[in-house]
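Participant: Got a predicted structure plus its sequence, pasted below:
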Amino acid sequence: MFPNILLITTISFLAFSLASSSPSKGLIAPLIPPTSPRSPFYIEILKENNILITKNVTLNRTHYMKWLLTKYSPDEFSEVYFQKDAGYHVMDMYMGDPAQLVYGIFDTGSDIVWIQCTRQTGQKKFPYYKYSKSDTYKNVQCDDKQKCNTDNTYILGCKSLPNNCEFKATYGDATSAFGVMATDIITFKPEWEIFHDFIFGCSLKNSNSMMGVIGASNSGYSLPKQLYPNDPKFSYCISDNLSKTSVVKFGPAANLSGGTLDMIKNLHTGFYYLDVLAVKVNGQDIDVRPVVFEMSNDGSKGFVTDSGTTFSGLTSVAFDALKRKIEQFLGPSKKYMIFEICYPTSRFGPWPWQHARPTIGLEVTNFTLEFEEIRVWQLIPNSNMECLQMMRVMSGLSILGFEQLLNVNVGHDPNHNLMYLEKTTCETT
Ligand SMILES: *[C@@H]1O[C@H](CO)[C@@H](O)[C@H](O)[C@H]1NC(C)=O
Ligand SMILES: *[C@@H]1O[C@H](CO)[C@@H](O)[C@H](O)[C@H]1NC(C)=O
Ligand SMILES: *[C@@H]1O[C@H](CO)[C@@H](O)[C@H](O)[C@H]1NC(C)=O
Ligand SMILES: *[C@@H]1O[C@H](CO)[C@@H](O)[C@H](O)[C@H]1NC(C)=O
Ligand SMILES: *[C@@H]1O[C@H](CO)[C@@H](O)[C@H](O)[C@H]1NC(C)=O
């Protein structure tokens, strides 16, 4: 997900280990699609699709898209609305003693982990962490500069609540979370290796549509950095089969395989910036100066990868260039609901057998990452429109979102500033 608190202060990265000892063998956690009965979002999708809530049914992409699209009114076309509730995969893990299952959206674009610690007003079924039932839960103390480091933009320090280190996470889609920094133990199945003193935000007030975020950015409080401070590598692979639960692997368990992309670390933000040289349509560069994708010193411009953003997005000037290039091949496009580049299916022939849709790719140092057709062109339910699954972004940051990386094993190796990508059939549980 996309924080809109960029660049207010300088983050000084915590160069030291925040916690006692790293689990030895690496850790594996599920990434649950919103269409699974295991996901807190499942019931919402049933509701949006008028399906009886009393039984578990198998949901497909049509249900999923319908749910995504009901989140928006046709006029609300902007980055601010498109990210809201948008189809996130949630990770679960165990927290506290006795262990409780907690959930959060797995988000390489967020710095901290926060879990909701109370049910929000008007929120029906989402789970929350009952911290008072945990013997190992502790609030972070105001004078603990290591755990309450206000150089991090998410951490406010001790302000309105007496003697509590506060955090606030605000995202681009106007969702937010506010609460206190705390520590507790976390564990992962099946090894049940215990990780002590895990630092997280215990949220007291957050948007109804969220139950937690598992930050996995390149900053000190993120899950990979806390688990394995010396080598915070991890990998995930999200299956396009909405019935399957995917996995994310941390530390020694991470699967780094396939082509490598350079990542660039920014001193002020935790984002993973990619060295994108060009955006290609049918192998031709869109007409935009490559500098629009370059990371700026303050981190406000560039091209980042973000597992918490659904559809990839290009900064406005690049999105216009993309649209012009596609229109060179297909003629004038139409806007439909949240999507700006759409064509009637009759333009392509029967889905998906005729291949008249332009290919879209990102040129990086050693190759072009070309997206599969089905990852970029989708038939919108209850319509005859096929739309490009990419959005205009109002900030200077273009984003590689997870819809374009389905069925791709994605590896992150922050120590070597490398991202690994390989098309595959994702491991599922
Ligand atoms: C539905 O799925 C959930 C989660 O997998 C499970 O706990 C529950 O027992 C299932 N309910 C029915 C009626 O099958
Ligand atoms: C999804 O499921 C619905 C109802 O079960 C069915 O009508 C529809 O054809 C399915 N769509 C796809 C793409 O499988
Ligand atoms: C998705 O996975 C389910 C469960 O394993 C399987 O039954 C189904 O055929 C798969 N669907 C596709 C489109 O591969
Ligand atoms: C690109 O290829 C060159 C030559 O094979 C290699 O030295 C370099 O490490 C590669 N860069 C990346 C990011 O993979
Ligand atoms: C690592 O991922 C690749 C696909 O990128 C897969 O072929 C391979 O089996 C995976 N290795 C392990 C040990 O999971």
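Facilitator: Structure received. Numbers count the residues shown, from 1 in each chain. Ligands and ions are numbered 1, 2, ... in the order given.
Participant: Please count neighbours and contacts with C-alpha atoms only from this point.
Facilitator: Noted.
Participant: dump the residue contacts of the residue nearest to the spatial centre of the chain.
Facilitator: The chain has residue 308 as the residue nearest its centroid, 1.2 Å off, counting by CA atoms, centre = their mean. Applying CA atoms under 8 Å, 6 or more residues apart in numbering to residue 308 gives the contacts 1-2, 88, 105-109, 401-402.
Participant: Where does confidence bottom out across those?
Facilitator: The lowest pLDDT within the contacts of residue 308 belongs to residue 2, with 60.
Participant: coming back round to it: how about a markdown table for the contacts of residue 308, with neighbour count and distance to residue 201 added?
Facilitator: Formatted as a markdown table, the contacts of residue 308 follow (neighbours: other CA atoms under 10 Å; distance: CA to CA, whole Å):
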| residue | neighbour count | distance to residue 201 |
| --- | --- | --- |
| 1 | 27 | 16 |
| 2 | 26 | 17 |
| 88 | 27 | 20 |
| 105 | 26 | 14 |
| 106 | 29 | 15 |
| 107 | 27 | 15 |
| 108 | 28 | 16 |
| 109 | 27 | 16 |
| 401 | 20 | 25 |
| 402 | 24 | 25 |
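Participant: As a markdown table, the residues you listed with distance to ligand 1 and secondary structure would be great.
Facilitator: Below are the contacts of residue 308 laid out as a markdown table (distance: CA to the nearest ligand atom, whole Å; DSSP: H, G, I helix; E, B strand; the rest coil):
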| residue | distance to ligand 1 | secondary structure |
| --- | --- | --- |
| 1 | 26 | coil |
| 2 | 29 | coil |
| 88 | 17 | coil |
| 105 | 18 | strand |
| 106 | 19 | strand |
| 107 | 23 | strand |
| 108 | 26 | coil |
| 109 | 28 | coil |
| 401 | 27 | coil |
| 402 | 24 | helix |
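Participant: Flag the shaky bits of this structure, pLDDT-wise.
Facilitator: Counting by pLDDT under 70, the ranges of the chain that qualify are 1-23, 71-87, 172-174, 351-355.
Participant: on that earlier part again, ok, and which of the contacts of residue 308 reach ligand 5?
Facilitator: Counting by CA under 6 Å from any ligand atom, nothing from the contacts of residue 308 sits close to ligand 5.
Participant: Can you give me the distance of residue 164 to ligand 2?
Facilitator: 48 Å (CA to the nearest ligand atom, to the nearest Å).
Participant: What are the neighbouring residues in contact with the nearest residue to that residue once chain neighbours are set aside?
Facilitator: By the measure of CA to CA, 6 or more residues apart in numbering, the closest residue to residue 164 outside its immediate chain neighbours is residue 158, 5.4 Å from it. Shown in contact with residue 158 (CA under 8 Å, 6+ apart): 142, 164-166.
Participant: so can I have TSV of those residues showing distance to residue 66?
Facilitator: Formatted as TSV, those follow (distance: CA to CA, whole Å):
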residue	distance to residue 66
142	46
164	42
165	40
166	37
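Participant: Alongside ligand 5, which residues does this protein contribute?
Facilitator: 255, 257-258, 409, 422, 424.
Participant: Which one of the residues you listed sits in the busiest neighbourhood?
Facilitator: residue 409 (24 neighbours; other CA atoms under 10 Å).
Participant: Determine the three-state secondary structure at that one.
Facilitator: Using DSSP: H, G, I helix; E, B strand; the rest coil, the structure places residue 409 in strand.
Participant: if I look at the residue nearest to residue 164, how far off is ligand 3?
Facilitator: Distance from residue 158 to ligand 3, by CA to the nearest ligand atom: 48 Å.
Participant: Check residue 127 too.
Facilitator: Remark: distance between residue 127 and ligand 3 (CA to the nearest ligand atom) = 25 Å.
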